[in-house]
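Chemist: Sequence and computational prediction follow.
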Amino acid sequence: MRPRARIRTLNIGPRPVLSVGLTNNFWNDLYHQSMTVSWPLFLAGAAVVFFLLNATYALLLSLGEQPIANAPPGLSIYLLYFSIETLATVGYGDLHPQTHYGHIVASVEMFTGLIYAAVVTGLIFARFARPRPRFVFANVMTVSMHDGRKTLVVRVANARHNYIANATAKLWALRDEVTAEGREYRRFHELRLERQETPTFILSWSLFHVLDETSPLFGMTRRDFETTDVSFVLSVQGRDENFAQEMHARKSYSWRDVRWEAYYSDIFRETNDGKLLMDYTAFHDVEPEKVE
């Protein structure tokens with residue numbers, strides 16, 4: 001009888017994808033799980049492992065004949081205290097091994113504690129050292145006239161306002177297509193952006209894809225977007241000058257997130273004293289396109 005396959009839910013694009021048939025459990029990729037899990041779960045997991053290790057060595061010590069000096073007989077909780085002090089390399093001195101068996105167990109536990117401390121320290125450092133951009137993507141995309149041409153527009157902002165050098169952006173469209181043989185595929189199409197690179201990305205960045213004859217979306221209407229289940233993936237990356245590391249972020253949109261005959265609200269305005277103000281409270285707002 002074949003074992004029951006595990007079903008995983010993958011968030012690829014705007015709609016979830018179910019995956020089945022691959023062997024992938026927690027222990028097969030422990031490093032990846034430790035790096036991607038949330039901080040509360042990571043710390044809770046580290047605490048659980050720490051307790052289980054100490055409980056295991058306390059149980060081993062309880063099998064010996066008074067292996068720990070000054071430990072009241074019959075009270076295993078003191079063996080747990082001694083195990084915690086040993087694994088944490090504290091060693092207060094009140095409790096200490098007094099038999100060969102106690103010394104052997106304590107020595108093995110010290111070695112385990114060194115490895116555990118090194119692993120946890122390395123994981124914590126890796127989690128802190130991993131660069132995390134703070135890019136803000138607009139909640140929706142717009143289709144409106146820009147420079148006399150129908151254009152798909154999406155904008156992104158750098159919430160940190162730090163210098164992101166040599167920033168690049170790429171936009172892909174995914175849609176259902178049928179080949180000449182009648183097979184249905186979901187294909188990627190890279191959408192050419194008018195300005196997909198910028199020397200410095202500090203504030204806001206609007207990305208334009210002209211829906212002309214060279215565009216894979218040329219001639220498509222709102223109804224076509226729906227029937228072919230069009231979705232989009234926007235990827236932005238650049239080099240953070242403060243940390244000298246590459247930053248990367250992406251955002252997915254579905255055809256439901258496209259606002260037709262609309263444009264983004266202006267977030268730039270001038271104050272009374274002549275300064276330029278960026279109003280991020282209107283960053284996600286759109287307005288209907290003006291028809292003249």
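Modeler: Everything's here; your move. Residues are numbered from 1 along each chain as shown.
Chemist: Could you use CA atoms for every contact and neighbour count after this?
Modeler: Noted.
Chemist: and stretch 251-261, average pLDDT?
Modeler: For stretch 251-261, mean pLDDT rounds to 94.
Chemist: ignore the last one, stretch 65-79
Modeler: In the prediction, stretch 65-79 has an average pLDDT of 88.
Chemist: chain center to that stretch: distance?
Modeler: 47 Å (Cα atoms, centre = their mean, to the nearest Å).
Chemist: Need the contact partners of it.
Modeler: Contacting residues not belonging to stretch 65-79 are listed as 58, 61-62, 94-103 [Cα atoms under 8 Å, 6 or more residues apart in numbering].
Chemist: Ok, stretch 131-144 next?
Modeler: Residues contacting stretch 131-144 (Cα under 8 Å, 6+ apart): 150-160, 245-249, 251, 253, 257-264, 283-284, 289.
Chemist: What subset of the contacts of stretch 65-79 is buried?
Modeler: 58, 61, 62, 95, 96, 97, 101, 102, 103 (16 or more other Cα atoms under 10 Å).
Chemist: between these, which is nearest residue 170?
Modeler: residue 58 (56.1 Å; Cα to Cα).
Chemist: Next one: the closest one from residue 119, what distance?
Modeler: 22 Å (Cα to Cα, to the nearest Å).
Chemist: and what of residue 236?
Modeler: 32 Å.
Chemist: So between the two, which is more surrounded?
Modeler: The residue with more neighbours, out of residue 236 and residue 119, is residue 236; 20 against 12, by other Cα atoms under 10 Å.
Chemist: Return the residues in contact with the more buried one.
Modeler: When contacts are counted by Cα under 8 Å, 6+ apart, residue 236 touches 167, 168, 169, 170, 248, 249, 250.
Chemist: Kindly state the pLDDT recorded for residue 37?
Modeler: 86.
Chemist: cool, and residue 97?
Modeler: 93.
Chemist: Quick check, it in contact with residue 107.
Modeler: No. With contact defined as Cα atoms under 8 Å, residue 97 does not reach residue 107; the gap is 9.9 Å.
Chemist: Closest to residue 86 out of the contacts of residue 236?
Modeler: residue 248 (42.4 Å).
Chemist: beta partners for the residue nearest to the closest one when sequence neighbours are not counted?
Modeler: Residue nearest to residue 248 in three dimensions, not counting chain neighbours: residue 237, with 4.3 Å by Cα to Cα, 6 or more residues apart in numbering. Counting by DSSP bridges, residue 237 is bridged to residue 168, residue 248.
Chemist: if we can go back for a sec, scan the contacts of residue 236 and report the most crowded one.
Modeler: Neighbour tally across those (other Cα under 10 Å): the maximum, 21 neighbours, falls on residue 167.
Chemist: Check the gap between it and residue 58 for me.
Modeler: Residue 167 sits at a distance of 55 Å from residue 58 (criterion: Cα to Cα).
Chemist: Also residue 139?
Modeler: Taking Cα to Cα as the measure, residue 139 falls 54 Å from residue 58.
Chemist: for residue 39, same thing?
Modeler: 28 Å.
Chemist: do the same with residue 47
Modeler: Using Cα to Cα, we find residue 47 at a distance of 16 Å from residue 58.
Chemist: Could you do residue 258 as well?
Modeler: As judged by Cα to Cα, residue 258 and residue 58 stand 61 Å apart.
Chemist: Residue 250 should be in a strand, yeah?
Modeler: Yes. Using DSSP: H, G, I helix; E, B strand; the rest coil, the assignment for residue 250 is a strand.
Chemist: so where is this protein shaky, pLDDT-wise?
Modeler: Scanning the chain for pLDDT under 70 picks out 1-6, 8, 10-17, 19, 21-28, 291-292.
Chemist: any idea which residue sits dead centre in it?
Modeler: Nearest to the mean C-alpha position of the chain, by Cα atoms, centre = their mean, lies residue 36 at 6.8 Å.
Chemist: tell me which element residue 18 is part of?
Modeler: For residue 18, the element it lies in under DSSP states H and E is strand 15-20.
Chemist: Helices of this structure, residue ranges please.
Modeler: 30-36, 39-62, 76-87, 100-129, 222-227 (DSSP state H).
Chemist: Tabulate those in TSV, adding columns for distance to residue 206.
Modeler: Output for the helices of the chain, formatted as TSV (distance: least, Cα to Cα, whole Å):
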stretch	distance to residue 206
helix 30-36	30
helix 39-62	33
helix 76-87	54
helix 100-129	30
helix 222-227	22
